[in-house]
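Chemist: need a structure here:
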Amino acid sequence: MRQFHARNLYVRLFVGASLALVSALVLTKGFKGSSPWPWTTTTVKTSSSTFSSPRFFNHTDSIGQKEFMDAGNVSNKKKSVWERPRDAELERVEAGLARARALIRAGTINRSSISAPLGEEHYVPQGDIYRNAIAFHQSPSYVIMEKLFKIFIYKEGEAPLFHNGPCKSIYSIEGVFFSLMERDTHFRTLDPDQAHIYFLPFSVVMIIHHLFDPIVRDKDVMKHVVADYVKVISQKYRYWNRSLGADHFMLSCHDWGPRATWYVPQLYYNSIRALCNANTSEHFNPRKDASIPEINLITGETKGLIGGLPLSKRTILAFFAGRLHGRIRPALLHHWKEKDELVQVYETIPEGLSYHDLMKKSKYCICPSGHEVASPRIVEAIYAECVPVLISQHYVLPFSDVLDWGSFSVQVSVDEIPNLKKILLGIPQDRYIRMQERVKQVQRHFVVNNPPKRFDVFHMIIHSIWLRRLNVAV
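Modeler: Residues are numbered from 1 along each chain as shown. The predicted structure is shown next:
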């Protein structure tokens, strides 16, 4: 019996020491010096590689740090992290990324060796709509992405739940990205050893549409599909386990997109999540997650949506129409619903009026959050060349690594809703004209093109993912 207890004690000491070592590795600081982008990383080192993950462990989460390290590492749980064999292909990929980081930090590039794709327009980002146009394009970030970045799409999974998404709904960007990415020949690689990042092509919208019972309301259907998919690819390929999911990404525009990642801790904590519902109060982490725009393409295309009336014919100061839901809209409708000719707020559009025509006739378009932080009205306003008035809480705006939203939109707090008219009338005409011109300029970054064009919404999403992949050293 004493021998049994002694062995038990040794086992407990060994397990405790192992966990302490893993925790120490997780908290080891990674990249030295300052980063050109506003986030930081930590690094886990193995014998032949490193794994870097943003420092954002929330110790109040129900999923503990040990579970984070273990869960999802399906096919290799018993192998210690320091026993991982040398991976020559991974070292080659990481060496290329390291050179890219160095070039971006230095802000220099040999443009004769890295040129824009032939046949594309030679647009050069400049002006006040950018946080730093030099960091975006005139330094190598975007240009190197076009030359270097490769994405592998796992072929596992069948439509309609995988490799497929809606293209004619409020969740259109999900289906549009899936469709364009599957047919892409520039960024997509069919050789996983050449890839810098791996795409998990499950569609949360299609999972909910086909498997979710609105009466039973069992959200575990997402758990089964997503967790099983990660299990399949982690057993069939080595890429998930070697990085603990950090060089993988998923994309979703559904309200429950973040929830779909809860069920695989490494997907939730480590992987890049490209989400419309970019809500920091629900653990969206802008250091590793990417905010993407919500775009409502009713017909599947932008024809007839882009463009507006000249300033002289924009007779409405501000406009909003939408259903009453969420925490912000009740306050907006309470103060402004059908009460003012200049601030036209409706729950239902009056008969004979057109939603899009009213946007095109308005100087400002009010874009309040609803049930979730994202709203398709933001892109609709940009399409209509109407200055967006953003009313939200905890929302990370799309492409805010690159775009200076304050230069082409107005942000109003919930408490300021009663003073909305006064605030907008108080904006000088010359400032409004500058903002409206910038809305026209920023439009290209939200337009859906088929085939894609440089700097359009497809490329901006890819660029957001690229920045976050640069922040990870595997």
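Chemist: Please enumerate the strands of the stretch 301-450 of the chain.
Modeler: Counting by DSSP state E, counting those that start in this stretch, the stretch 301-450 of the chain has these strands, from start to end: 316-321, 343-346, 362-368, 387-391, 410-411.
Chemist: Make CSV out of the ones you listed and add mean pLDDT.
Modeler: Shown next, in CSV, are the strands of the stretch 301-450 of the chain (pLDDT from 0 to 100):
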stretch, mean pLDDT
strand 316-321, 98
strand 343-346, 98
strand 362-368, 98
strand 387-391, 98
strand 410-411, 98
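Chemist: Can you tell me which of those strands is packed in deepest?
Modeler: Each of those was assessed for mean neighbour count using mean count of other Cβ atoms under 10 Å. The highest is strand 362-368, with a mean of 26. Backbone N, C-alpha and C define where each C-beta goes, glycine included.
Chemist: Can you work out which other helices and strands pack against that strand?
Modeler: The contact analysis (3 or more Cβ pairs under 8 Å, 6 or more residues apart in numbering; DSSP states H and E) places strand 362-368 against strand 316-321, helix 329-336, helix 377-383, strand 387-391, helix 420-425.
Chemist: Distance from the fourth one to the middle of the chain?
Modeler: When you say that, I think you mean strand 387-391. Relative to the chain's own centre, strand 387-391 is displaced by 20 Å; criterion: Cα atoms, centre = their mean, to the nearest Å.
Chemist: What is it packed up against?
Modeler: Against strand 387-391 (3+ Cβ pairs under 8 Å, 6+ apart) you get strand 362-368, helix 377-383, strand 410-411, helix 429-442.
Chemist: So what angle separates the directions of the last one and strand 362-368?
Modeler: Relative orientation of helix 429-442 with respect to strand 362-368: 70 degrees, computed using axes from the mean of the first three to the mean of the last three Cα atoms, to 10 degrees.
Chemist: Which residues belonging to helix 429-442 are considered buried?
Modeler: Within helix 429-442, the residues scored as buried using 16 or more other Cβ atoms under 10 Å are Y432, M435, Q436, E437, R438, V439, Q441, V442.
Chemist: Could you export the helix or strand just after that helix as PDB, CA atoms only?
Modeler: Sequence order places helix 457-470 as the next helix or strand after helix 429-442, per DSSP states H and E. C-alpha atoms of helix 457-470 as PDB (Å, rounded to 0.1, in the frame of the first residue of the first chain):
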ATOM      1  CA  VAL A 457     -13.600  43.600 -49.800                       C
ATOM      2  CA  PHE A 458     -12.200  40.100 -50.600                       C
ATOM      3  CA  HIS A 459      -8.600  41.400 -50.500                       C
ATOM      4  CA  MET A 460      -9.200  43.500 -47.400                       C
ATOM      5  CA  ILE A 461     -10.400  40.400 -45.600                       C
ATOM      6  CA  ILE A 462      -7.400  38.500 -46.800                       C
ATOM      7  CA  HIS A 463      -5.200  41.400 -45.600                       C
ATOM      8  CA  SER A 464      -6.700  41.300 -42.100                       C
ATOM      9  CA  ILE A 465      -6.000  37.600 -41.900                       C
ATOM     10  CA  TRP A 466      -2.500  38.100 -43.200                       C
ATOM     11  CA  LEU A 467      -1.700  40.700 -40.500                       C
ATOM     12  CA  ARG A 468      -2.800  38.300 -37.800                       C
ATOM     13  CA  ARG A 469      -0.800  35.400 -39.300                       C
ATOM     14  CA  LEU A 470       2.300  37.600 -39.300                       C
END
